[in-house]
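S.K.: coords please:
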Amino acid sequence: MTNNAEFMEALAAEIGENVYIDIAKWHLYLSDAKLHTVVAEQVYPLISTSKSVDENDVIHVLQSIPIKVGGGKREIPLLELVPSQCQVSLMDILEKYQQEM
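M.R.: Numbers count the residues shown, from 1 in each chain. This next block holds a predicted model:
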């Protein structure tokens with residue numbers, strides 16, 4: 001990656017294509033939900049400042065991103081909508097990108 005903007009775009013794209021929220025067994029990928037960039041921006045400091053990605057830090061990030069549902073009547077943390085296997089995928093992506101830094 002030649003610069004931070006390209007790195008962030010690539011990170012966001014990979015997150016968006018591989019991580020989804022599960023609603024009533026429907027899979028809405030983060031790119032379709034327009035959440036991939038938000039997640040990438042929040043996790044970038046985790047991979048740029050440490051030698052290894054800490055799962056608890058990633059969980060904290062997902063917990064801190066509110067998702068409005070029901071026309072904004074309620075907010076649910078992104079963590080509660082992302083299945084466990086997608087959390088594992090996200091960790092794998094972050095570890096891969098951290099090695100590329």
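S.K.: which other helices and strands contact the helix or strand where residue 93 lies?
M.R.: Here residue 93, judged by DSSP states H and E, is contained in helix 84-100. If you count contacts as 3 or more Cβ pairs under 8 Å, 6 or more residues apart in numbering; DSSP states H and E, helix 84-100 packs onto helix 4-18, helix 36-49, helix 55-64. (C-beta placed from N, C-alpha, C; glycine too.)
S.K.: Figure out which of those is closest to residue 100.
M.R.: Closest to residue 100 of the helices and strands packed on helix 84-100 is helix 4-18 (Cβ to Cβ; 7.8 Å).
S.K.: ok, and what's touching that closest one?
M.R.: Residues outside helix 4-18 that contact it (Cβ atoms under 8 Å, 6 or more residues apart in numbering) are 1, 29-32, 35-37, 39-41, 43-44, 86, 89-90, 93, 97, 100-101.
S.K.: Kindly report the same for stretch 61-79.
M.R.: Here stretch 61-79 has contacts from 21, 35, 38, 39, 42, 43, 46, 59, 81, 82, 87, using Cβ under 8 Å, 6+ apart.
S.K.: one more time with 10 Å
M.R.: Residues outside stretch 61-79 that contact it (Cβ atoms under 10 Å, 6 or more residues apart in numbering): 19, 21, 23, 30, 33, 35, 38-39, 41-43, 45-46, 58-60, 80-82, 86-87, 90.
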